[in-house]
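Enquirer: any chance you could fold what I've pasted below:
(chains A and B)
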Amino acid sequence: DAKTTQPNSMESNEEEPVHLPCNHSTISGTDYIHWYRQLPSQGPEYVIHGLTSNVNNRMASLAIAEDRKSSTLILHRATLRDAAVYYCILRPGAMDTGRRALTFGSGTRLQVQP
Amino acid sequence: ETGVTQTPRHLVMGMTNKKSLKCEQHLGHNAMYWYKQSAKKPLELMFVYNFKEQTENNSVPSRFSPECPNSSHLFLHLHTLQPEDSALYLCASSQEGQSSYTEAFFGQGTRLTVV
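Expert: Now for the predicted structure:
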């Protein structure tokens, strides 16, 4: 499985933007970049995913480097409820025969200060 | 509410007990998963079921026995566990097709303590 590398932890202040980086230098051409987060005492939840172009949804934005070897999850205005562990995961494309089940790394623990 | 419900939320069991964890999904998905999350460790994929058939078993000890009677229900039967099996057990589901798939939806987990 292609591997991702994330910082162990990051801190942010409330209502400020947060940029969570992820390196995936061995990404294959058909791998999608998925982000999930796990709030305290809960199961992970989907945040966003993309292939090549930058993506936006109601939760976050995903900026993908042109060479696809890194990506950044952007929370535009962090709130206390965004404090969680954020996971960057590579998943094969739907037409790919590779393993689709999510493989989690250690993620980045985001702390948000009031 | 994610559409994936796990029961019980907490379970304490002795090493000689037999218990079962239950997962039910109300999303119409065809794939279900068991994950284990130990303290200070990443989530570990244990089992994968597609259309009720087990498609992955990641070297899980036989004291963990999964069962998937239909696409909506998944069980994890536990017997003669060890204290190191204490962890959060998470169930997830997704819709898997030949040309598309959805994101995975997770339950809130069962916090298991083996004494």
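
Enquirer: CA only for contacts and neighbour counts going forward, please
Expert: Fine.

Enquirer: okay, how far is it across stretch B:32-47, tip to tip?
Expert: 8 Å (CA to CA, to the nearest Å).

Enquirer: which residues sit against that stretch?
Expert: With CA atoms under 8 Å, 6 or more residues apart in numbering or on different chains as the test, stretch B:32-47 has contacts from A:102-106, B:48-50, B:54-60, B:66, B:71, B:74, B:86-94.

Enquirer: tally up the residues packed near residue B:8, please.
Expert: Applying other CA atoms under 10 Å in any protein chain shown, we find 14 residues neighbouring residue B:8.

Enquirer: please, a ChimeraX command that selects the buried ones among the contacts of stretch B:32-47?
Expert: Buried members of the contacts of stretch B:32-47, defined by 16 or more other CA atoms under 10 Å in any protein chain shown, are picked up in ChimeraX with:
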select /A:102,103,104,105,106 /B:48,49,50,54,66,71,74,86,87,88,89,90,91,92,93,94
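
Enquirer: now intersect the contacts of stretch B:32-47 with the strands, please.
Expert: B:48-50, B:54-57, B:66, B:74, B:87-94 (DSSP state E).

Enquirer: show me which of those neighbour chain A.
Expert: Restricting the ones in strands among the contacts of stretch B:32-47 to those near chain A by CA under 8 Å from any CA of the partner chain leaves B:48, B:90.

Enquirer: pLDDT below threshold where in the chain?
Expert: All of this refers to chain A. For chain A, applying pLDDT under 70 flags the ranges A:1-2, A:94-99.

Enquirer: what's residue B:2 in contact with, if anything?
Expert: Taking CA under 8 Å, 6+ apart, one finds B:105, B:106, B:107 in contact with residue B:2.

Enquirer: these two touch, right, the second one and residue B:4?
Expert: Translated: residue B:106. Yes - counting by CA atoms under 8 Å, residue B:106 does reach residue B:4; the two are 6.1 Å apart.

Enquirer: any residues of chain B in contact with chain A? List them.
Expert: B:41-45, B:48, B:90, B:97-101, B:103-109.

Enquirer: now, these that are in strands?
Expert: B:44, B:45, B:48, B:90, B:105, B:106.

Enquirer: now, which of the residues you listed sits nearest residue B:19?
Expert: residue B:90 (15.8 Å; CA to CA).

Enquirer: related to what we said a few turns ago, next, give me the two most distant ones among the ones in strands among the residues of chain B next to chain A.
Expert: B:44 and B:105, at 15.8 Å, using CA to CA across those.
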